Structures are given as structure tokens and as C-alpha cells.
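J.: Structural data only, the sequence is not supplied:
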């Protein structure tokens, strides 16, 4: 149904829903000192791929739950391992992927807070996905 990736961002202070993955601009070396020579994920692939999940709707819905965690939206997962993973997943799943950045534990949220937030986010993503597919199926039936 949906692939959900979670990555830690040392710069994050909120739980961040990533809207899209980017194909080009990868220049930083990973821990194994690797960087694709082409500086892209998929040669010839589109510059950007959006998730089929409406992240704005998910953000609104999770924020309305009154959890003690702030959820925000981003259009740039960072042109490093997280963005590379997200783009590749979006490409292979035809947009049926999501990526959530979380801050490091304790900065400011506990593992329990992040766990509750991630559970709510995934539940809302699946709900939004189900409603969007119902609309698509309904339009095709007429």
C-alpha cells in the first residue's frame, strides 16, 4: 500500500513530512565515502517526484489531534542519504512512498512522543490514501 521511511535530521526541531524527492545535486559522501558519479539517483529520471500522499492534509489532520509534537512540511529532504532514499523509493513505487524526518531523541521529543506521532502520521497517511483512491475509483466508474 505505502512505503514509509523515517530519518533523523540533526537540524530538525519538528517532525517533518517530506513532500517530494529530488533526483540531482548529490555531492556529499556517505559514511562509506560513496557518492554517485552522476550526482543523481536515477539517470534520466524526473527532476522531482511528489508523493501521492497529500502531506498538507496529513499535517493538518495530525496537528488537529492535539499531540505534544509539532508537525511541519518540507519540499527538500536534503540531497543526502534521506533524499536519495526517498527519491529512489518514490521512483520504484510510482509515488507510493513517504518520508518523515525526526529530530534526534531528546531534542526536543522523547522516544514515546516520537513513537505516538509516527503512529498517528502513518494512520493518517493511510486514511488520506484510502480516501484519495476512493475518489479515483469513483471517477472511473462513471
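T.: Sure thing, it's come through. Source: prediction; values computed, not measured.

J.: so how far is residue 51 from the nearest residue in space to residue 70 that is not next to it in sequence?
T.: Nearest in space to residue 70, with sequence neighbours left out and distances taken as CB to CB, 6 or more residues apart in numbering, is residue 14 at 4.4 Å. All C-beta spots, glycine's among them, are computed from the backbone N, C-alpha and C. Per CB to CB, to the nearest Å, residue 14 is found 18 Å from residue 51.

J.: Comparing those two, which shows the higher neighbour count?
T.: Neighbours per residue (other CB atoms under 10 Å) separate residue 14 from residue 51, with residue 51 holding more: 26 against 18.

J.: Looks like the more buried one contacts residue 93 (just checking).
T.: No. Counting by CB atoms under 8 Å, residue 51 sits too far from residue 93 to count as a contact (9.3 Å).

J.: quick one, helices of this protein?
T.: 55-63, 81-93, 111-141 (DSSP state H).
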